[in-house]
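[1] how would this look folded up:
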Amino acid sequence: MPEFTHIEGDAVRMVDVTGKDEVARRARAAGRIYLRPETLRAIAEGTVIKGNVLATARVAAILAVKDTSRIIPMCHPIPIGAVRVEFEQADEWIDTTVEVVTTGRTGVEMEALVGVSTALLTIWDMVKSAEKDEQGQYPVTRIEGIRVVEKVKGVSGAQA
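    Presented below is the predicted three-dimensional model:
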């Protein structure tokens, strides 16, 4: 049975990392949002009423990364060295990748996951009026595949 480091009996706890060495760490997470072709065209052409969708999603991802310890109860506040947010747009979707780099005592995969999730949700929020059908539903719009793509610990691999 796996060991859950954040559970002690009936209580949850923040893991004590004070005894761990500070090392360079990097994590990349990714996810995808599916949108209507006309919505994707509007994003690419910069004609979305709310403004520049991908620029806004990039800023939202960075802010979310920095606030992860306030959002996820057992995450440690850690110094963020860098955040990179990338988007790849295709005919039916936008892929989002967030890479987070730090030197610290704990990893940054939760920060990368929160960044990706927030970027994708921000995209949805900015285009939701165009995505709704006549009944106010979202028949095409969906977020899928949020995952950690890579986690690296140690000086040689974590420098991005």
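[2] residues contacting I123?
    By Cβ atoms under 8 Å, 6 or more residues apart in numbering, the contact set of I123 is 33, 35, 43, 53-54, 57, 94, 96. Just so you know, the C-beta spots here come from the backbone N, C-alpha and C atoms, and that holds for glycine as well.
[3] please narrow those residues to those residing in strands.
    Those of the contacts of I123 mapping onto strands are 33, 94, 96, per DSSP state E.
[4] of all the residues you listed, which comes closest to I62?
    Closest approach between the ones in strands among the contacts of I123 and I62, by Cβ to Cβ: T96, at 12.4 Å.
[5] nearest residue to the closest one in space, please, no chain neighbours.
    Among residues not flanking T96 along the chain, A119 sits closest, at 4.8 Å (Cβ to Cβ, 6 or more residues apart in numbering).
[6] quick check: the one you found touching A61?
    Yes. The pair A119 and A61 qualifies as a contact (Cβ atoms under 8 Å) at a distance of 3.9 Å.
[7] what is in contact with those two at once?
    85, 96, 98.
[8] ok, and the closest non-adjacent residue to the last one?
    In this case it means V98. V98 sits nearest to G115 (Cβ to Cβ, 6+ apart), 3.7 Å away.
[9] ok, longest helix in the chain?
    helix 109-131 (DSSP state H).
[10] buried set for the helix or strand following it?
    Sequence order places strand 142-153 as the next helix or strand after helix 109-131, per DSSP states H and E. When burial is assessed from 16 or more other Cβ atoms under 10 Å, strand 142-153 yields the following buried residues: 143, 151-152.
[11] note down every partner strand of strand 142-153 and its orientation.
    strand 23-34 (antiparallel) (DSSP bridges).
[12] from the chain's centroid, how far away is the strand it pairs with?
    Strand 23-34 sits 7 Å away from the centroid of its parent chain (Cα atoms, centre = their mean, to the nearest Å).
[13] got it, and stretch 69-89?
    Using Cα atoms, centre = their mean, the offset of stretch 69-89 from its chain centre is 7 Å.
[14] now it: buried residues?
    By 16+ other Cβ under 10 Å, the buried positions in stretch 69-89 come out as 69, 75-76, 78, 80-81, 83-85, 87.
[15] looking at the ones in strands among the contacts of I123, which is nearest E134?
    I33 (21.7 Å).
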